[in-house]
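sequence isn't available, so here's the structure alone:
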DNA sequence: CGCTCGATATTCT
DNA sequence: GAATATCGAGCGA
């Protein structure tokens, strides 16, 4: 029996959830050529995004069609399209007192279904497969059709399991934003090389 | 290796 | 019209 992370885990302050998700396993269940397949990776980089009080968050402007998952039930997938090319995946998480929040998953260390992930990315280099939010959604076949999916159920197409304990977790300012850069709400496992280029530069 | 640029949805100004 | 929770191609050093 494998543990799927439950709603209680996500019903805590978003930054705490973001930190605790490092080391957990993101699982994508899909059907390829009539066969049920499983893709997974250990989460090695996350970022927390809050509500009105977080000027870097999509939720800072209040509820819109795009960010509605951030205001809904915790433990749901928030998938959005960005920069004209890429998808990013978050899981909604927040303290019960807060109106909105989500954790952006920024990098994975590939675990299961690596051959299919390589095929999805048209890329053979293991270290480039899921080292970045746009890369990991592509390698795992995550698109906005999964927006709103309940990630606390192991029969969902996308969910998170207990993984391993990272040796160490570092926090730094978030990447690719211009507002609220003082918040150190990015969490990474610095022992993993499966991280974005920008991350590595920052850690060094 | 580092820099610039294109892709172009959603939202903001 | 401009900015954005990004990535990879193309180019020059």
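Ah, there it is. Owing to the predicted nature of the structure, the values given are computational and were not obtained by experimental measurement.

how about the strand of greatest length in chain A: buried residues?
When chain A is parsed with DSSP state E, its longest strand is strand A:35-49. Buried positions in strand A:35-49, judged by neighbour count with 16 or more other Cβ atoms under 10 Å: A:39-49. All C-beta atoms are positioned from the backbone trio N, CA, C, and that covers glycine.

any chance you could list what contacts the helix or strand just after it?
Beyond strand A:35-49 on the C-terminal side, the first helix or strand identified by DSSP states H and E is helix A:68-71. Helix A:68-71 has contacts (Cβ atoms under 8 Å, 6 or more residues apart in numbering) with A:49, A:51, A:57-59, A:63, A:76-78, A:90, A:92, A:99-102, A:147-148.

pull out the buried residues from those residues.
Neighbour counting with 16+ other Cβ under 10 Å marks A:49, A:51, A:57-59, A:76-78, A:90, A:92, A:100-102, A:147-148 as buried within the contacts of helix A:68-71.

flag every residue of chain A that's near DNA strand B.
Contact residues, chain A versus DNA strand B (Cβ under 7 Å from any atom of the strand): A:58, A:61-62, A:64-67, A:80-85.

so who does the residue positioned nearest the centre of chain A touch?
Computing the C-alpha centroid of chain A and ranking residues by Cα atoms, centre = their mean puts residue A:105 first, at 2.0 Å. Taking Cβ under 8 Å, 6+ apart as the contact definition, residue A:105 lies against A:21, A:26, A:43, A:45-46, A:89-91, A:133, A:136.

from those, which land in strands?
The strands in this structure, assigned by DSSP E, contain A:26, A:43, A:45-46, A:89-91 from those.

quote the end-to-end distance of stretch A:28-44.
Criterion Cα to Cα, to the nearest Å; first-to-last residue distance in stretch A:28-44 is 16 Å.

is DNA strand C contacted by that stretch?
No: using Cβ under 7 Å from any atom of the strand, stretch A:28-44 stays clear of DNA strand C, with a minimum separation of 13.1 Å.

show me the strands in chain A, by range?
In order along the chain, chain A carries the following strands (DSSP E): A:25-32, A:35-49, A:77-82, A:86-92, A:102-112, A:158-161, A:170-172, A:186-188.

list the pairing partners of the longest one within its sheet, with orientation.
The partner list of strand A:35-49 in its sheet, established with DSSP bridges, is strand A:25-32 (antiparallel), strand A:102-112 (antiparallel), strand A:186-188 (antiparallel).

got it, and the third one?
Strand A:77-82 has the following strand partners under DSSP bridges: strand A:86-92 (antiparallel).

what distance separates the partner strand from the centre of its chain?
6 Å (Cα atoms, centre = their mean, to the nearest Å).

cool, stretch A:14-21 as well?
When distances are taken as Cα atoms, centre = their mean, stretch A:14-21 is centred 11 Å away from the chain's centroid.
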